[in-house]
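Student: can't give you the sequence, but here's the structure:
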């Protein structure tokens, strides 16, 4: 594996030429500082001024002018059909990232949510495809969903400092202070 020069800026549009691709899943597309590896096994360093949701960007420009495209990785997701407005409300009430389409919804594979949605009459199909859910309500950051033992971090707006949320567990759920986590049948 060889190393390329570091990334110097994010690109919002495709340049005339693309040198290589980096394939990142939904979690990896939220970053501040990390060494990435292209599909042709060449590494490069990314060091952004703040935690950034890369879903809004085409890719990276390296110090030598070469462009690396960001490609969303295929992930295991649930394709949901049924009463979409009602189902989307219940998904949103749990602050779960959701990709919204005219005839279906997509969420990450999750057996707890799958059971809840089936109980609400949803038809669910397991598929593997890129996952690009809606961004936060104000167009920045990300929706942070429920947790199965790992922590998430995000920024609320460009230029705001990176922070993490405090977590604790009782009654079998991980609770996120400041993330407005809703699990199970808890009241808002």
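Tutor: Good, I have the coordinates. Since the model is a prediction, treat every value here as computed from it, not as a measurement.
Student: how much space between the residue nearest to the spatial centre of the chain and residue 97?
Tutor: The centre of the chain sits closest to residue 26, judged by C-alpha atoms, centre = their mean, with a distance of 3.5 Å. As judged by C-beta to C-beta, to the nearest Å, residue 26 and residue 97 stand 7 Å apart. Glycine gets a C-beta too; all of them are placed from N, C-alpha and C.
Student: same question for residue 63.
Tutor: Noted for residue 63: a distance of 33 Å to residue 97, by C-beta to C-beta.
Student: looking at those two, which one has more neighbours?
Tutor: residue 97 (19 against 13; other C-beta atoms under 10 Å).
Student: for that one, give its distance to residue 11.
Tutor: On the measure of C-beta to C-beta, residue 97 and residue 11 end up 24 Å apart.
Student: related to what we said a few turns ago, shared neighbours of residue 26 and residue 97, anything?
Tutor: Residues touching both residue 26 and residue 97 (C-beta atoms under 8 Å, 6 or more residues apart in numbering) are 108, 131, 133.
Student: in this structure, which segments are predicted with low confidence?
Tutor: Scanning the chain for pLDDT under 70 picks out 1-2, 136-188.
Student: so the residue located most distally from the centre of it: helix, strand or coil?
Tutor: The C-alpha centroid of the chain is most remote from residue 64, which lies 28.9 Å away (C-alpha atoms, centre = their mean). Three-state call for residue 64 (DSSP: H, G, I helix; E, B strand; the rest coil): coil.
Student: ok, and the closest non-adjacent residue to it?
Tutor: residue 5 (4.9 Å; C-beta to C-beta, 6 or more residues apart in numbering).
Student: that neighbour and residue 19: what is the separation?
Tutor: Counting by C-beta to C-beta, the gap from residue 5 to residue 19 is 11 Å.
Student: more neighbours: these two, which one.
Tutor: Ranked by neighbour count (other C-beta under 10 Å), residue 5 and residue 19 place residue 19 first, with 19 against 12.
Student: list the contacts for the nearest residue to the more buried one once chain neighbours are set aside?
Tutor: In space, and not counting its chain neighbours, residue 19 is closest to residue 66: 3.9 Å by C-beta to C-beta, 6+ apart. Taking C-beta under 8 Å, 6+ apart, we find residue 66 in contact with 4-5, 19-20.
Student: widest-spaced pair of the residues you listed?
Tutor: The span of those, defined through C-beta to C-beta, is set by 5 and 20 at 12.5 Å.
Student: kindly list the longest strand within the chain.
Tutor: strand 42-53 (DSSP state E).
Student: would you mark the buried spots in that strand?
Tutor: 42, 44, 46, 51-53 (16 or more other C-beta atoms under 10 Å).
Student: repeat for stretch 88-108
Tutor: 88, 90-92, 94-99, 104-108.
Student: anything in contact with each of residue 5 and residue 19?
Tutor: Joint contacts of residue 5 and residue 19 (C-beta under 8 Å, 6+ apart) are 62, 66.
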